[in-house]
Structure formats: structure tokens, C-alpha cells
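Asks: Turn this into a model:
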Amino acid sequence: MGLLVDGQPLPPEDLKVVNAYIRQHGVQQFINTWRRLKNVQNDELKFGDEIECGIFAVDSEKRTAKLSIRGAEIRTQLSEREKDHRHEAEGCTWHPEFGAWMVESTPSRPYTGYAADLLRIERNMVIRRRRLLSALRDNEIAPTVTCYPLMGVGDFIDDPKPFEVPASQSDCVPDYVINPHPRFAALTRDIRTRRGSKVDIQVPLFHDSNTPEFQGGATSAHPTIQMDAMAFGMGMCCLQVTFQARDVDESRYMYDQMAVLAPIMMAMTAATPFFKGRVADIDARWTVISQSVDDRTPAERGVITSPEELQAAEDPLLAGKGVKRIPKSRYDSISTYIYHCKGEPDCQRTFAEYNDIPCPVAEEFFETLRAEGIDENLAHHICHLFIRDPIVAYAGKIELNDEESTDHFESIQSTNWQSCRWKPPPQLQAGDAHIGWRAEFRSMEVQLTDFENAAFTVFFMLLTRCMLAFDIGFYIPLSKVDENMRRAHLRDAVNTQKFFFRKHIAPPADSTDAPVIPMSLSSDRLADLAAAMASPSSSSSAAAAPASSSPPQATFSSGFSSAQTTPTKRKAGDCGCAGRTQASQEDAFEEMTMAEIFLGKEDYYPGLLPLIYAYLEFINCDATTMERVSLYLEFIEKRATGELMTPATWMRRFVDQHPEYQHDSVITPQIAHDLLTTCHGIGTGEIPCPEILGDVVIDRVRKEDAYGSFLHGHLNSQERAALIATLVKRANQPRSANVARGKARLTTTDKSL
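Replies: Numbers count the residues shown, from 1 in each chain. Here you go, the predicted model:
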């Protein structure tokens, strides 16, 4: 969503004039935050998810599904209704998104560091789906799909308006599909203006037997699907998870590990095989969004390189004069790790050996940050963010009090859309609850069901606890992370690709006189736990994981309770990074299959799932929580081994087997209708999908259950008469022996029962 401000966005020519001012004061606002909160310690674990989805208007007779641009209306209605239910234990918060047909939802209060809160995640997601359904019209659906497959194709908007494109200048997508908040149209306009042209999005077209672009012999270039508007990218939906860390160092460490895992989790959740009415040769959304917000000038993109052209292209009002080479879009994988080595902030081993890709920085801010005591790694990160210009600013909100506002920092920070985001504490108003240093994981694609979305959220949350409790480092060179990101886009990457991954993830053994505490387990202890889960008497399956029958009081605060937070003692001069670096050694990392990454390989790499099982055993996870978590982890295992399909693979098969598909890589309106309505039915539990879910059954999600059922103690005469009539009707219906009449009504949608 980003930073939303009430006000009128500046036009592009005025925005350029204040670019330097906003960048300078944005850095100062970060420095002020750093001074104020750098020493915050022992914040409790809190985390939350964000789920985005689109609203579609369905015409069952014509078999069409079009964008319903009622997102703002629906969001307002839901937010107002939520006020009447603030007393409930679980609630929702509704947020605007880029598309006028989109809605974003989050839990109204964060999840906490107790094992039992893992059960809240799916429960809250189901509540959000129910409540969204309750706000839809009878002809509307809201499947949690990543991409509307007919964006920009023909008559694709319900209740269309005149075609106008002052912001995007698109040939096929009108501007009224953009969220009506002024920020979003301004972003679209200002990205195009700074770039000097419309965005140019291209993804490879899938080669099917009758695809016309491949007919007539070989071509010099692979045919592509071409798109020209920000809506093609920012109109897609995802699943994001944000974690509050104990302190600033922990947040930075999580950020680095998340960056390595981003392409792995994107491949595992791949759900985007269709764009602009065509079948693509990729399965994931990331590159499309990256291209859709690419505001780099031709010189910054490397399109022009001669000294004469570069000199002519210089604009003193732009960052780097608009000609400094910038290798990546604003929306991309990270370009620098940010954590410093344990116990020695000035150690550069991790920074030097793993940051092996170009990472331009705004040099003019570097020494200012260093003078504030900010270590080189973090200063490098901030200066990298600030090579970008702001792409929206508001009239009357330029000269701010840098001690009281972080708007200029957030203007840059929130428009650097990277695979993970390091988030300093926001500026709070009186009465607001404390928010600490956080790390946000951004690469996962939204799944069709709340079960899947909860499974990936729970899995990743537990993985962050393993990182911290076992002192795990996943570091590999960023060039390999970028290569993994490329591979993660490819068709059925889970089963067809190998990914670079670290072979030895345990930390170096602590000194013999160091106290062995849960916050930082020794490598021997980690090996013992991993071996226990891999022994013949045990397995990575959920059935083998012991669970306590004690009350659900296990805590996840950095893995353990606040009483167990003494830093691990190390030998003098040992900063703790030696075991994680050694990038030059051939055996530091290797290419692994997805199954190997998740289940382990030989005797040197334990696997992500065995680590999680070991962790759950170590914290003595209660039986009730473990039962559900086991289902999630079994599902993740089956996805990683290829036993279950990704949504993208299932969607491809759905289209391939559709009677109207001509094997020409074209998604017709009728195919799109059937796909979206089926996805909606899978999400609400009306349609089973064993290809994706296996034997997991999705409980029926009904709008009637959106706000609960009141336990009435008294009925009026009309209500009593209606109830008696229902009972009389049921008395004449056949039923199985020993089954109460009316029981079937609770498990079906047949209201006549």
C-alpha cells in the first residue's frame, strides 16, 4: 500500500524541484529515528500477514468475469462494519491497494509469540474471506488469485466509463481502474514522466502447438506478451508477512536471511501463468511488477552509454543527474546485505564476500550516516535506497519537522519495493502502541485457499524462529540469489529447477567455556536435533514429531522467553561470522532441488522442515497447536516434493484441458470466467482441489458466518412459526440411522434441509 497522505500530489515539474530536499530530509529523518530508538531492546515478537485480492463481476449467462471497480466502496463498507465488532477477539483491517478493484486485508491485532497464536492465522484469514464475501453483490466473486488474466483485453471492466489515460497513457488500460486516492494515479504519472516513456513490460510467451507467433519457422527473438501500464504489475496480489524483532540487530539479521529465501518461497507459491489474455512461459509475477514501476531514465537503464549522450541527458534536479547507472528497478531483489557480524560491528567479512553485485549508493549521504555511528553496512543500505528520487509528494507537506515526521524517509523507503524490506519504527501519535524494528517478507504469491496462505505464513514464521534460535546463516553471494530469482519464475520451477543454497548453515561451535543457551545453540546441539529428526525411528512427517499435551504456553520470542536472552559468549576476536562466509570455498553452497532444500541432503544439510520439527520439539509445542501445524508442514513437504501442484501448474492444466482452449496460448473470456469462478469455489470450499490440497478438505466459507451467530434466548411468534415449519419439513425427509435431523444443514449449502 505504501505511504498514504491526504493532500494534492505535486505535478511532475514541481516534484523535480523538491527532489533533493526530500532526499536530504528523508535521510535526516532516518538519523533522528536511529538516535531515538537504536537502543530499544527486548521487544516481544509480533507479526502479521497481508492478503490482497481482486473483486470480479460475473455474468453466468455470457460466461464473463470482469473487473468490479468497487474496491473503495467495499472497503469503506467493511471498515464501518468492523467498528461494530471491535470487541471481538478476532477482527480485520481493510486497506486500499493500487487497483480500484482490489482490497487488502490484515488482522486487526498482531499475532504474538505464543505457539497457540499459530492457530489464529488461518482462523483470521477465514474471517476476512467471510466478511469480504458479505460485502459483495450477488454477481461478484473475490478469489485469491494473483492476476486477472484478461487485464487490458477487450471489454474487461464492469460498468465501463470513457477511456481516458492522462496518467498512464496506456493503449489498453484506462486510468479509472486505478484506486481513486490521488497517490496512485500520481505514482503512475510520475513514474512514466521520470522514465521519459510509458513502462515497457515484456514476458516470454508460452509456445503451444497452435500459438500463432511461433508458426512459420524460427524467429530471431522469442515472442513476448507486451504490456504498457503500471496496473499490469501493481494490480497483482500477494501474501506478505512482517515480523517485529527484539532489537535493531535481530531485524537486520532476519532481513538478510529472508533475502536468500525470497526466490525459494516465490517458486513454492508460484501462481501467475497468465497475462493480458495469453499463456506466459513463466509462473510468477515478480518481473512484471518490476517492469511496471521502472522509473529509471534511459541513461540509468544503460540504454544510452556514450559520453555525449550522457552529458546531453543530464538533469541536475534528478538524483545522480539522471545518468548514474542503476542496475535494477525500484521493485526487485535486494542489492546488499545489511547485517554486521556478531560482536564486531566493523567486521566486513560478510559484507565483502557476499555483496558481489553492483550496488550504487548516494555518496553524498554516506559520511553523514557514518558520523552518527551507523555502521558501514547499514549506511550502505540507506544510501542505496536514496539513489532513487521520490515519485510522489504533496503540496503543503514538503517542509516538515524532521524530529516529528518520517514522511520523507517513507516516501523513498516505501517505493523501494524489494523482495524483503527492513522497516524502522514508524513515527507514532499519542496513544499509539509501540512498534519496533521489523523485517517484511514480500516474495510469496497469494494462494487460492486460506489453508495454503496460513500454511506458508506459519512455515515462514517458524523458520524465522529457527534462524534465531539455532543461530542459522543462509548467506550465499547475492549474484546467486539473483540467479535463483530468475529460475524461480520459470515454469514449474519447484520440479524442474535447482537453486543455489547453503550447504552448512550451523554457526561455528561456541568456545568450551561458553554457556549453552537456547538463544544460540551450539553446532553440536543443532546437529543432535537434526539427527534426531532424521533418524530411522523418526522422519520429517508430522506424525513423527512429538507433542506435549500441556497447555499451549510455548513461546516464540526469539525462540525463547525473555529470561533466556544473554548473548552467547565467544572467544576474544571471534565475531561469529567465520562459519557463515568462506564464499570462495567450493563447498560453501551448491545447487539443490526444492525437495533437498526442504527435506535435507545427505549428512551435511539438515533441511528446513527437519529444523522446524526439531524446534517445535525443543519448545515443547502443545498438542492442539501441533496437530494443525503438522497439517501445514505436511502440505509444504508435498508441495516441495512435487506431490502437490503449485497454483500456477494447476491453472495451466485447467486451461490446457478446457474444451474451448485451442492450444494457441490464448485465454478467452469464457476460459477466464470458468477459471476465476472455479478458483473462487476452491477458496470457499465449494469445489475440492486434491491436485493442490491433497486430502485436505476446506471447510465451507459462507458470507452468512461473517460476523458470527447470536445465541438468541427468545423468539417472537413469527420466528417460532418459521422454526416449527422447518422441523415439520425435516420430519418427512429420509435420514441415516442414528443421525440427528438437520445435521446435514450444518455441513452443506442446501438450505432446504
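
Asks: so where's this protein shaky on pLDDT?
Replies: Within the chain, the segments meeting pLDDT under 70 span 1-4, 218-219, 342-350, 507-587, 737, 739-753.

Asks: Now with 50, please.
Replies: 509-523, 525-526, 530, 532-552, 557-574, 583-584, 749, 751-753 (pLDDT under 50).

Asks: Looking at it, which helix is longest?
Replies: Counting residues, the longest helix found in the chain (DSSP state H) is helix 12-37.

Asks: Next secondary structure after that one?
Replies: Toward the C-terminus, helix 12-37 is succeeded by strand 46-54 as the next helix or strand (DSSP states H and E).

Asks: name the helices or strands packed onto that following strand?
Replies: strand 102-107, strand 111-112, helix 118-134, strand 239-244, helix 450-469 (3 or more Cβ pairs under 8 Å, 6 or more residues apart in numbering; DSSP states H and E). Glycine gets a C-beta too; all of them are placed from N, C-alpha and C.

Asks: Just list whatever residues bridge to the spatially most central residue of the chain.
Replies: By Cα atoms, centre = their mean, the chain has its centre lying nearest to residue 240, at 2.8 Å. Note on residue 240: beta-bridge partners residue 50, judged by DSSP bridges.

Asks: Against residue 423, how distant is it?
Replies: Distance of residue 240 to residue 423, computed by Cβ to Cβ, to the nearest Å: 12 Å.

Asks: which residues do these two both contact?
Replies: Counting by Cβ atoms under 8 Å, 6 or more residues apart in numbering, the contacts common to residue 240 and residue 423 are residue 440.

Asks: what number of residues lie near the nearest residue in space to residue 413 that is not next to it in sequence?
Replies: Counting by Cβ to Cβ, 6 or more residues apart in numbering, residue 413 lies nearest to residue 385, which is 6.2 Å off, once chain neighbours are set aside. Neighbour count for residue 385, taken as other Cβ atoms under 10 Å: 25.

Asks: Am I right that residue 385 is in contact with residue 411?
Replies: No. Using Cβ atoms under 8 Å, residue 385 is not in contact with residue 411, being 10.7 Å away.

Asks: just to revisit the earlier point, got the contact list for the residue nearest to residue 413?
Replies: Counting by Cβ under 8 Å, 6+ apart, residue 385 makes contact with 412, 413, 416.

Asks: Dump stretch 474-482 to CSV, restricted to CA.
Replies: The C-alpha trace of stretch 474-482 is given here as CSV (Å, rounded to 0.1, in the frame of the first residue of the first chain):
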residue,chain,number,x,y,z
PHE,A,474,21.7,-18.9,4.9
TYR,A,475,24.2,-16.5,3.3
ILE,A,476,25.2,-17.1,-0.3
PRO,A,477,26.5,-14.5,-2.8
LEU,A,478,23.8,-12.1,-3.9
SER,A,479,24.6,-13.0,-7.5
LYS,A,480,23.4,-16.5,-6.7
VAL,A,481,20.3,-15.1,-5.1
ASP,A,482,19.5,-13.1,-8.2
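
Asks: So for it, what gets flagged as buried?
Replies: 474, 475, 476, 477, 478, 480, 481, 482 (16 or more other Cβ atoms under 10 Å).

Asks: I'd like to know how far the fifth one sits from residue 282.
Replies: Going back to what we said before, that points to residue 478. 22 Å.

Asks: same question, residue 672
Replies: 18 Å.

Asks: And residue 109, by the same measure?
Replies: To residue 282, residue 109 is 37 Å away according to Cβ to Cβ.

Asks: Compare neighbour counts for the two and give me the winner.
Replies: Comparing residue 109 with residue 282 by other Cβ under 10 Å, the one with more neighbours is residue 282, at 24 against 15.

Asks: ok, now how distant is the closest residue in space to residue 180 that isn't next to it in sequence from residue 271?
Replies: Nearest residue to residue 180 in three dimensions, chain neighbours excluded: residue 72, at 5.7 Å (Cβ to Cβ, 6+ apart). Distance of residue 72 to residue 271, computed by Cβ to Cβ: 25 Å.

Asks: Neighbour count for the two, which is higher?
Replies: Ranked by neighbour count (other Cβ under 10 Å), residue 72 and residue 271 place residue 271 first, with 30 against 16.

Asks: residues touching that one, list them.
Replies: By Cβ under 8 Å, 6+ apart, residue 271 lies in contact with 145-146, 283-285, 445-448, 646-648, 651.

Asks: Leaving out the residues flanking it, which one is nearest to it?
Replies: Setting aside the residues directly before and after it, residue 271 is nearest to residue 647 in space (Cβ to Cβ, 6+ apart), at 3.7 Å.

Asks: Does the one you found touch residue 447 like I think?
Replies: Yes. Counting by Cβ under 8 Å, residue 447 is a contact partner of residue 647 at 6.2 Å.

Asks: Which neighbours do those two have in common?
Replies: Common contacts of residue 647 and residue 447 (Cβ under 8 Å, 6+ apart): 269, 271.

Asks: Between these two, which has more neighbouring residues?
Replies: Applying other Cβ under 10 Å to residue 647 and residue 447 shows that residue 647 carries more neighbours, namely 28 against 25.

Asks: Quick check: phi and psi at that one.
Replies: Backbone geometry at residue 647, expressed as degrees, to the nearest 10, gives phi -60, psi -40.

Asks: What segments of the stretch 401-550 of the chain are strands?
Replies: Secondary structure of the stretch 401-550 of the chain by DSSP state E, counting those that start in this stretch: the strands cover 417-418, 420-423, 438-441, 499-502.

Asks: can you redo the helices and strands packed on strand 46-54 as TSV with distance to residue 171?
Replies: Listed next are the helices and strands packed on strand 46-54 as TSV, based on distance: least, Cβ to Cβ, whole Å:
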stretch	distance to residue 171
strand 102-107	22
strand 111-112	44
helix 118-134	32
strand 239-244	31
helix 450-469	35
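
Asks: And these: which comes nearest residue 47?
Replies: Nearest of those to residue 47, taken as Cβ to Cβ: strand 239-244 at 4.5 Å.

Asks: helices or strands up against the very next helix or strand once past that closest one?
Replies: Using DSSP H and E, the helix or strand that follows strand 239-244 in sequence is helix 248-268. Helices and strands touching helix 248-268, by 3+ Cβ pairs under 8 Å, 6+ apart, are strand 420-423, strand 438-441, helix 450-469, helix 478-488, helix 493-496, strand 499-502, helix 594-599, helix 623-641.

Asks: Dump the ones you listed into TSV; add distance to residue 326 as well.
Replies: What follows is those, written out as TSV (distance: least, Cβ to Cβ, whole Å):
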stretch	distance to residue 326
strand 420-423	18
strand 438-441	22
helix 450-469	30
helix 478-488	15
helix 493-496	27
strand 499-502	25
helix 594-599	31
helix 623-641	35
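
Asks: Tell me which of the ones you listed approaches residue 122 most closely.
Replies: helix 450-469 (3.5 Å).

Asks: For the closest one, name the packing helices and strands.
Replies: strand 46-54, helix 118-134, strand 239-244, helix 248-268, helix 608-618, helix 623-641, helix 690-693.

Asks: What is the burial count for the closest residue in space to residue 245 that isn't next to it in sequence?
Replies: Nearest in space to residue 245, with sequence neighbours left out and distances taken as Cβ to Cβ, 6+ apart, is residue 251 at 3.7 Å. Counted with other Cβ under 10 Å, the neighbours of residue 251 add up to 24.

Asks: Ok, residue 611 next?
Replies: Based on other Cβ under 10 Å, the number of other residues close to residue 611 is 26.

Asks: wait, doesn't it sit right on residue 467?
Replies: No. With contact defined as Cβ under 8 Å, residue 611 does not reach residue 467; the gap is 9.2 Å.

Asks: residue contacts, residue 189?
Replies: 12, 166, 167, 168.

Asks: Distance-wise, check it relative to residue 316.
Replies: Applying Cβ to Cβ to residue 189 and residue 316 gives a distance of 22 Å.

Asks: pretty sure residue 337 is in a strand, no?
Replies: No. Counting by DSSP: H, G, I helix; E, B strand; the rest coil, one finds residue 337 to be coil, located in no strand.

Asks: This completes my enquiry, with thanks.
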